[in-house]
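Chemist: Quick one: sequence and predicted model below, then my questions.
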Amino acid sequence: MAPVPISPINVGHIDDVQELRKARPATIPERFVRDMTERPTLATALQPPDTVPIIDFSRLVKGNKDEYKSEMLQLTRACEEWGFFQVINHGIDLSLLESIEKVARDFFVLPLEEKQKYPMLPGTVQGYGQAFVFSEDQKLDWCNMFALGLEPHFIRVPKLWPAKPLKFSETVEVYSGEVRKLCQHLLEYIAMTLNLRTDFFEEMFGVAVQAIRMNYYPPCARPDLVLGLSPHSDGSALTVLQQGKGGSVGLQILKDNKWMPIQPVPNAFVINIGDTLEVLTNGKYKSVEHRAVTHKEKDRLSIVTFYAPSYEMELGPIPELVDENNPCKYRTYNHGEYSKHYVTSKLQGKKTLEFAKVESKKPT
Ligand SMILES: COC(=O)C(/C=C/C1=C(C)CCCC1(C)C)=C/O[C@H]1C=C(C)C(=O)O1
Ligand SMILES: O=C(O)CCC(=O)C(=O)O
Ligand SMILES: [Fe+2]
């Protein structure tokens, strides 16, 4: 008899949340019910002008001098004070945003047996399932995920690329190419806000790592008890998030110790600074903790692109951004090692970034 592969990780049985929703159990299974302190009851609506900055990308690319200057100031403020911003007029064809949303939705509505042909195995982050689950007693997110590594090609797992819907792979390729260019351009402007050469990050990153994750949050009868996605910061340099049309307001960021919702802006991308940019800028720009919550009647879809340096890169604070007033907060490490650490740790606020922190000197 062929040996049965033994996984060192025992995650127990993970219910598929779309199937749970269909079955409508009288109570929410215990594994999804959060401890009191984690329950999403405390969101405070952001009041204008205290909302996540909106960057008009077209004013950066082809605005007049004044428009360019004021947009660059907004971008600097967004990176320094928020770690999140929304980008409008980004230049990506709106029909492509519609197409990716359609193939993502069409994928999630497929029968479970079809989706399970592409399983996200315990301890891995690609395919269909729930990522970041490492033990039987870990609470689960009210979310189904489908993720693929895209660039460089060696991170691709071809057997996880779905045959259905028919246009899935083609759409992901075209969409990801466009989002990659957007990331490269955003990093050029971000470099300029730091008085670095425009091509600083492009040169430093080598062949950047890129991955896509589609998150589907079905409605939940008790949104007050569960989380769509656990609090975390992203390990990437930049993350580009597209919120599906007509979905619930689900993304929340931790601002001044309070959870605040991000109102979707039609056709905009939500951009956030990941751990890697926090390290490179020596904490001048921060990766901000965020989470997703669910809704009683509405579902929600998000399509997320992670953009990060090559795994080979040795990474630490950029020397120009370290001085007496801002002493070095992070050590130098290999990005591949950080990626491994990130994907083998559960989502837990900003805990994974402790990997990179310089030990603080104990008072003598
Ligand atoms: C919440 O974050 C993630 O799911 C995630 C995973 C990304 C990846 C894949 C889905 C496929 C293989 C590559 C990669 C690890 C990038 C976050 O990605 C961040 C974390 C690190 C580190 C990073 O580089 O991007
Ligand atoms: O769905 C969302 O809005 C949040 C998704 C997210 O933070 C992630 O996938 O890393
Ligand atoms: Fe995230």
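Modeler: Noted; the coordinates are in hand. Ligands and ions are numbered 1, 2, ... in the order given.

Chemist: contacting residues for the residue of the stretch 101-250 of the chain found nearest ligand 1?
Modeler: Ranking the residues of the stretch 101-250 of the chain by distance to ligand 1 (Cβ to the nearest ligand atom) places Gly235 first, at 2.6 Å. All C-beta atoms are positioned from the backbone trio N, CA, C, and that covers glycine. By Cβ atoms under 8 Å, 6 or more residues apart in numbering, the contact list for Gly235 reads 274-276, 306, 308, 338-339, 342-343, 352.

Chemist: Please report the distance of it from Gly336.
Modeler: Applying Cβ to Cβ, to the nearest Å, the value for Gly235 to Gly336 is 12 Å.

Chemist: what about the nearest residue to Phe108 once chain neighbours are set aside, which SS state?
Modeler: Among residues not flanking Phe108 along the chain, Tyr216 sits closest, at 4.4 Å (Cβ to Cβ, 6 or more residues apart in numbering). The assignment at Tyr216 comes out as strand when based on DSSP: H, G, I helix; E, B strand; the rest coil.

Chemist: returning to that earlier point: among the contacts of Gly235, which are in helices?
Modeler: Judged by DSSP state H, helices contain the following of the contacts of Gly235: 275-276, 338-339, 342-343.

Chemist: And those, which two are furthest apart?
Modeler: Thr276 and Val343 (13.9 Å; Cβ to Cβ).

Chemist: Compare those two (neighbour count), which wins?
Modeler: Per other Cβ atoms under 10 Å, whichever of Thr276 and Val343 has more neighbours is Thr276, with 28 against 16.

Chemist: who touches the more buried one in this structure?
Modeler: Residues near Thr276 by Cβ under 8 Å, 6+ apart: 235-237, 308-309, 315, 335, 338.

Chemist: How many residues are close by Thr27?
Modeler: Neighbour tally, Thr27, other Cβ under 10 Å: 9.

Chemist: try Pro231
Modeler: So Pro231, with other Cβ under 10 Å, has 20 neighbours.

Chemist: Check Asp323 too.
Modeler: Asp323 is flanked by 10 other residues according to other Cβ under 10 Å.

Chemist: Backbone dihedrals for it, both of them.
Modeler: Torsion angles at Asp323 (phi, psi; degrees, to the nearest 10) stand at phi -150, psi -170.

Chemist: Number the chain from 803, please
Modeler: Got it, the first residue is 803 from now on, which makes the last one we talked about Asp1125.

Chemist: And it, how close does it get to Gln1054?
Modeler: Asp1125 sits 34 Å away from Gln1054, going by Cβ to Cβ.

Chemist: what's the answer for Leu1117, then?
Modeler: Applying Cβ to Cβ, one obtains 29 Å for the distance of Leu1117 from Gln1054.

Chemist: Now name the helix or strand holding Lys871.
Modeler: Per DSSP states H and E: Lys871 is located in helix 867-879.

Chemist: can you give me the helices in the stretch 853-1002 of the chain?
Modeler: Along the stretch 853-1002 of the chain, counting by DSSP state H, counting those that start in this stretch, helices occupy 859-864, 867-879, 896-910, 914-917, 970-995, 1002-1007.

Chemist: low-scoring stretches of the chain, by residue?
Modeler: Applying pLDDT under 70 to the chain flags the ranges 803-809, 844-851, 1162-1166.

Chemist: mind redoing it with 80?
Modeler: Where the chain drops to pLDDT under 80, the residues are 803-811, 843-852, 1161-1166.

Chemist: Alongside ligand 2, which residues does it contribute?
Modeler: 1015, 1017, 1031, 1036, 1043, 1052-1053, 1092, 1094, 1104, 1106 (Cβ under 6 Å from any ligand atom).
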